[in-house]
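A.B. asks: Provide a 3D model corresponding to the input given below.
(4 chains)
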4 protein chains.
Amino acid sequence: MSTVWGSNIKIAIFGESHSEAIGVVIDNLPAGLTLDMAEIRREMARRAPNGGEYSTPRKEADEVEIVSGYFNDKTTGTPLCGIIRNTNTKSSDYDQLKEVVRPGHSDFGYYYKSGGNNDYRGGGHSSGRLTATLVFAGAICKQLLRKKDVYVGSHISSIGNIKDARFDARVEANMLEHLSRQVFPLVDTGKFTAMDYLIKEAREEGDSVGGTIECAVVGVPAGVGEPFFESVESKIASLLFSVPAVKGVEFGKGFELTKMKGSKANDSFKCLGNKVFTATNNNGGILGGLTTGMPVIFDVAIKPTASIFKEQDTINVVTGENVKLNLKGRHDSCIVVRALPVIEAVTAIAIYDLMKNM
Amino acid sequence: MSTVWGSNIKIAIFGESHSEAIGVVIDNLPAGLTLDMAEIRREMARRAPNGGEYSTPRKEADEVEIVSGYFNDKTTGTPLCGIIRNTNTKSSDYDQLKEVVRPGHSDFGYYYKSGGNNDYRGGGHSSGRLTATLVFAGAICKQLLRKKDVYVGSHISSIGNIKDARFDARVEANMLEHLSRQVFPLVDTGKFTAMDYLIKEAREEGDSVGGTIECAVVGVPAGVGEPFFESVESKIASLLFSVPAVKGVEFGKGFELTKMKGSKANDSFKCLGNKVFTATNNNGGILGGLTTGMPVIFDVAIKPTASIFKEQDTINVVTGENVKLNLKGRHDSCIVVRALPVIEAVTAIAIYDLMKNM
Amino acid sequence: MSTVWGSNIKIAIFGESHSEAIGVVIDNLPAGLTLDMAEIRREMARRAPNGGEYSTPRKEADEVEIVSGYFNDKTTGTPLCGIIRNTNTKSSDYDQLKEVVRPGHSDFGYYYKSGGNNDYRGGGHSSGRLTATLVFAGAICKQLLRKKDVYVGSHISSIGNIKDARFDARVEANMLEHLSRQVFPLVDTGKFTAMDYLIKEAREEGDSVGGTIECAVVGVPAGVGEPFFESVESKIASLLFSVPAVKGVEFGKGFELTKMKGSKANDSFKCLGNKVFTATNNNGGILGGLTTGMPVIFDVAIKPTASIFKEQDTINVVTGENVKLNLKGRHDSCIVVRALPVIEAVTAIAIYDLMKNM
Amino acid sequence: MSTVWGSNIKIAIFGESHSEAIGVVIDNLPAGLTLDMAEIRREMARRAPNGGEYSTPRKEADEVEIVSGYFNDKTTGTPLCGIIRNTNTKSSDYDQLKEVVRPGHSDFGYYYKSGGNNDYRGGGHSSGRLTATLVFAGAICKQLLRKKDVYVGSHISSIGNIKDARFDARVEANMLEHLSRQVFPLVDTGKFTAMDYLIKEAREEGDSVGGTIECAVVGVPAGVGEPFFESVESKIASLLFSVPAVKGVEFGKGFELTKMKGSKANDSFKCLGNKVFTATNNNGGILGGLTTGMPVIFDVAIKPTASIFKEQDTINVVTGENVKLNLKGRHDSCIVVRALPVIEAVTAIAIYDLMKNM
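C.D. replies: Okay, the predicted model is just below:
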């Protein structure tokens, strides 16, 4: 089943890019939580297409209407449903996609999957627009995690081949908080100019660039997770790979670990007073599927935006002909910036699902 | 819930490294399938500790007893339970682990998770030994996939910093079949000597090395998967990250994709006769969570074996003291070789779960 | 988790009696189904409060807005979300319920469950109003079942102690179809006057009456269901007991069976040509959790409406005082009539979930 | 999926009447529980075929081997798997059932369901023998509930048309405890002789009788459960209807409620000191799906044993002929006595699943 996720909470998402609305039902939230609506709006705004420098020229308010589960400014513990109307949709932009599939998108697969009944406008249910529902759910989970002193944050760790510095192995909440307020969050802000140039160059060429995001969760106590199907890595990765354009995930040093000897890769445990930590954090705060109490750290690969404005070779799925495609519409030349709040959101959902009853 | 997985079939695993037995219950298999027991035994043997060159000196037969769901040489469609007795277990090897946690393992997290009630012998439920149950379940799923003309295979794509060649974008079933018969499967067998040297050098040093595995699934039709929570990447990754020592997963070109422009990363669709393919396969046969009909291809990072024979710094969790740890026991200096059948097995489980009703 | 149900489809409901809206997300529907909207509206109207003789004076249109999963008059196979706005809500009627709990309702339990954060207006999420979402989902499942030649129908089998005749053991689809068109469906229409009298008498007294519903499903082939947790009885009963006011369920002769000898209770199998049937249908078309091919038949006990207009003893949960309660508002004196389409709806959902992949 | 159940714990059962073994995997148990093995054995013995007066002449020890999840006399929090070997199985008794289906059993449905691949010996996976696994899981849940001061118990409320007295609306734990020690638990022991006569008369005739069981759970606080899909009634009923031979379930006064006026059916709330109770308990301790804090009370209809020794009409499913069936083997003439611990067990499982995180 594609659209219901979770063990201790349940998230069910629905909607298409150009349907009446998109939305999410979040079940099994605790009762009595007053939502910080300004905070939710701020998270939504980070992801929203706002016509800004790193976003599509299309503007959508992404106002979430909470239609259930919230009464007298408190959650009731019943399913909380948030709905976002699709208002600024130019369906005619997509007429050519009735039969012609876009490279890099799910159009081809969806045509076969649905027997030709898919809503091809803007990618339909596969649209990145659906991530707005995840940001909303994630914003709520972030607030619930905050009550457990757990914080999620991220920065752009690379655009193309320009790399940012890394999180410190013991990154702290205030650093994450600081980054979440930046339009273009970097650990080493000196990398901004080069990254900015790459993005703008791609835009001018009608092309696109990708990048990576480093995300951290601090405050998670030791012993969260399970060794197998609900390993912390499995939970987080299953949601990360739900985010369109994510093609790789690595925890801690990830692929780099495969080049180390065990004696170097292993993080030594240390006691200092009654606090336990590891001297290094090569394993990203997770061992054998369980947290160690160190920051959970991972990287996510975001491929370059699939929608580009250069002519591409593709096919007409109905006639079976090879055709040329010239895309119209409004698209980001780099979605990494707008992906940051989505990556944080799904991480918050995954961690809260694991920690709810703790 | 840690130990039940799946939407269309259900896999429930149980057992500890030194408990009476480990096992797996597989529910919702189709009735009427005659299992190829020799094939199952062959898969089990690929993973089993057999005292061979790339394995721990410990030998275990890993004989699976099928105790239910199989009658007159056919599956009955009821839960099929396979049990493997733990026979060759030297529990005394683990006495020192009652209080001292091993770096790189889940011991520390499990101690907190279970309030000190974890079975610390050989990693308990976190043990890599549990992957034998996954190989068994995967062997059955492979047989079911074969009836749909779907094949799963893999090779060692790197050991340390020695890289093998890559799968061809249109790798075929016979190549995968061939590789599965090799003790040390490589695309470019010329890389064997250097890799072998690294592994043996590590063993002599009492150290360990890691590596990567490239896995492919061929024959999956277009349109399998879902855009979000059951994206093909999510399904496969959730199981891959269930395998101990896996720290990274990337589909297609993965992290490399983030350095490409969109115009290069996008795989162009082509029609040739009534066959559709993509000119390249940078996206690993998956777009927007759905298959394209091209081979599904991904890489998995396997960290160096955490159990090494060099002295390590760690703590006594009961007393809170910093201590030195010198491990005893029998461990692989490189688990990549034995991990191959496990990676294939969980991939087969994931793909069969997605394709069962097709 | 309270609000997600299903194995092969998933139903997630949300909303409160007086929240902005109620709704349902139905996931994993097949693509390409054109919904018969008139039929859906007819089912909704059967349940809706319409001010008619057997309904509350409150009128609500119960118009369902389909906001996703439907495109060009066909299902797309993505989650279909239907939303019903709550328009005609007199919240002030419920002011007294902030602290005073209604006998026969979940108010008391919900106050404790939610730590006093429940939406007490009209029963909040516990409201019978939520069944409108089930009728909508059920109407879709009925249309899907029709394509498999499976039909669901019901009649009032008793009001108070007045009993209707029983379904024939081999009741057919046209009978069920006929009954669904009746305002007050009875097998023996001669029982109408006495039942009608009971209901009106109760209304005049400010009291209420209950009754039973006999429901049948015809066309289900032999072998549907499972022996244990997904027995046909378990699946249907788990949804029937989700319907407010249902307090008993029996399949076939049910409790009466316990008074028979086995030799009488057992239904003999017969072959006639290539058709198999049972001479009797005491077991309601289900044996050992699996269907026999005979009509699935069961009875449901609907308790008298809990909201009555006689003074009742109860407590103030905040102050802990014993108080008298005189309810205001608009309530049915007998909800059996409006419960019929709900019982049919959840039955259709349960049966479709079991049969989806057949 | 037939064989995995639960939200907060997971129960997966497997096995056939004549397979190597039957068993159950219980996941997500808390760590650190020392099991009272004598108590588990006592519960198993209540259900076991022991050749006693109210049991089949077949004797099976029903020894459960715990193969995982238990270490140093404590649960580890990992999946606990219990296995029971099938030893005393006379498979040859069932040779005639290869083609001839037994009335009252799932044989006919299973033949179609499995395409003729079902294990027909002793009912295969549908066998009542599988309930031994539920009794084992239930015995553990009972011990966990005891730590929350929650107790489950039952008595025979009728055999044929002989009725026992009813539980008091405020039945207490010591009464339930007392009943669990009786071979033939009755509230009014004066009913024993007549019931005993009925059972023995049926046995002599080669026939069978059914009955009802009244079950109670005391100590459940107010507010447990959910209004819809996880209503307390839904949870309990979904498991009760998993038990072979159960054909009806009613909570509180159940079907009798439908004959009452609302003013009588509603249970008035009362405060006495800081204790809340209801004057009556017609609703069986559950309102709107949630507990009220009063004892949860329900009745279960157990049909007469389907296996009888009188000649029956049935069919040969392979040849399509009408045939006569004369059963051999060893069967209870009344399974109500042995069903008591099963009903209690599944009730304990359901309630513990609802209360685990409280």
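A.B. asks: helix, strand, or coil at residue A:301?
C.D. replies: strand (DSSP: H, G, I helix; E, B strand; the rest coil).
A.B. asks: any idea how far residue A:214 is from it?
C.D. replies: As judged by CB to CB, to the nearest Å, residue A:301 and residue A:214 stand 11 Å apart. For every residue, glycine as well, the C-beta is placed using N, CA and C.
A.B. asks: find the nearest non-adjacent residue to residue A:123, please.
C.D. replies: Closest residue to residue A:123 apart from its sequence neighbours, by CB to CB, 6 or more residues apart in numbering or on different chains: residue A:17 at 5.5 Å.
A.B. asks: is it true that residue A:271 touches residue B:320?
C.D. replies: Yes: at 5.2 Å, residue A:271 counts as touching residue B:320 under the criterion of CB atoms under 8 Å.
A.B. asks: about what we covered before: neighbours around the residue nearest to residue A:123, how many?
C.D. replies: Residue A:17: 21 surrounding residues under other CB atoms under 10 Å in any protein chain shown.
A.B. asks: show me what contacts it?
C.D. replies: Neighbouring residues of residue A:17 by CB atoms under 8 Å, 6 or more residues apart in numbering or on different chains: A:86, A:89, A:119, A:121-125, A:127, A:129-130.
A.B. asks: go on, residue A:321?
C.D. replies: Residue A:321 neighbours (CB under 8 Å, 6+ apart): A:315, B:271.
A.B. asks: phi and psi next, for it.
C.D. replies: Phi and psi for residue A:321, reported as degrees, to the nearest 10, are phi -100, psi 150.
A.B. asks: residue of chain A nearest chain D, please.
C.D. replies: Nearest residue of chain A to chain D: residue A:357, at 4.6 Å (CB to the nearest CB).
A.B. asks: need the three-state assignment for the residue lying closest to that residue once chain neighbours are set aside.
C.D. replies: Excluding its sequence neighbours, the residue lying closest to residue A:357 (CB to CB, 6+ apart) is residue D:357, at 4.6 Å. Assigned with three-state DSSP, residue D:357 falls in the coil class.
A.B. asks: need the phi and psi values for residue D:357.
C.D. replies: The phi and psi values for residue D:357, taken as degrees, to the nearest 10, are phi -90, psi 20.
A.B. asks: what about it, neighbour count?
C.D. replies: Applying other CB under 10 Å, I find that residue D:357 has 9 neighbouring residues.
A.B. asks: again with residue A:301
C.D. replies: 27.
A.B. asks: any idea how many residues pack against the nearest residue to it once chain neighbours are set aside?
C.D. replies: Nearest residue to residue A:301 in three dimensions, chain neighbours excluded: residue A:248, at 3.4 Å (CB to CB, 6+ apart). Using other CB under 10 Å, residue A:248 has 31 other residues around it.
A.B. asks: what lines up beside the lowest-mean-pLDDT helix or strand in chain A in the sheet?
C.D. replies: Across the helices and strands of chain A, mean confidence by mean pLDDT, DSSP states H and E is lowest for strand A:4-5: a mean of 90. Note on strand A:4-5: by DSSP bridges, its sheet partners are strand A:10-15 (antiparallel).
A.B. asks: how distant is the partner strand from the center of its chain?
C.D. replies: In this view, strand A:10-15 has its centroid 15 Å away from the chain centroid, taken as CA atoms, centre = their mean, to the nearest Å.
A.B. asks: same thing with stretch A:176-187?
C.D. replies: The answer for stretch A:176-187 is 15 Å, by CA atoms, centre = their mean.
A.B. asks: who touches that stretch?
C.D. replies: With CB under 8 Å, 6+ apart as the test, stretch A:176-187 has contacts from A:46, A:52-54, A:151-156, A:164-167, A:192, A:195-196, A:216, A:218, A:337, A:340, A:344.
A.B. asks: how about the strands in the stretch 1-150 of chain A?
C.D. replies: When assigned using DSSP state E, counting those that start in this stretch, the strands of the stretch 1-150 of chain A occupy the ranges A:4-5, A:10-15, A:21-27, A:65-68, A:70-71, A:74-75, A:80-85.
A.B. asks: do the stretch 151-300 of chain A as well
C.D. replies: Going by DSSP E, counting those that start in this stretch, the stretch 151-300 of chain A shows strands at A:151-159, A:162-163, A:211-218, A:246-251, A:269-272, A:275-278, A:286-287, A:290-291, A:296-302.
A.B. asks: for chain C, what's its nearest residue on the stretch 151-300 of chain A.
C.D. replies: For the stretch 151-300 of chain A, CB to the nearest CB, closest residue to chain C: residue A:242, 13.9 Å.
A.B. asks: burial measure for that residue, as a count.
C.D. replies: Look at residue A:242: counted by other CB under 10 Å, it has 27 neighbours.
A.B. asks: what distance do you get for it to residue A:342?
C.D. replies: Going from residue A:242 to residue A:342 by CB to CB gives 10 Å.
A.B. asks: overlap in contacts of these two?
C.D. replies: Between them, residue A:242 and residue A:342 share the contacting residues residue A:134, judged by CB under 8 Å, 6+ apart.
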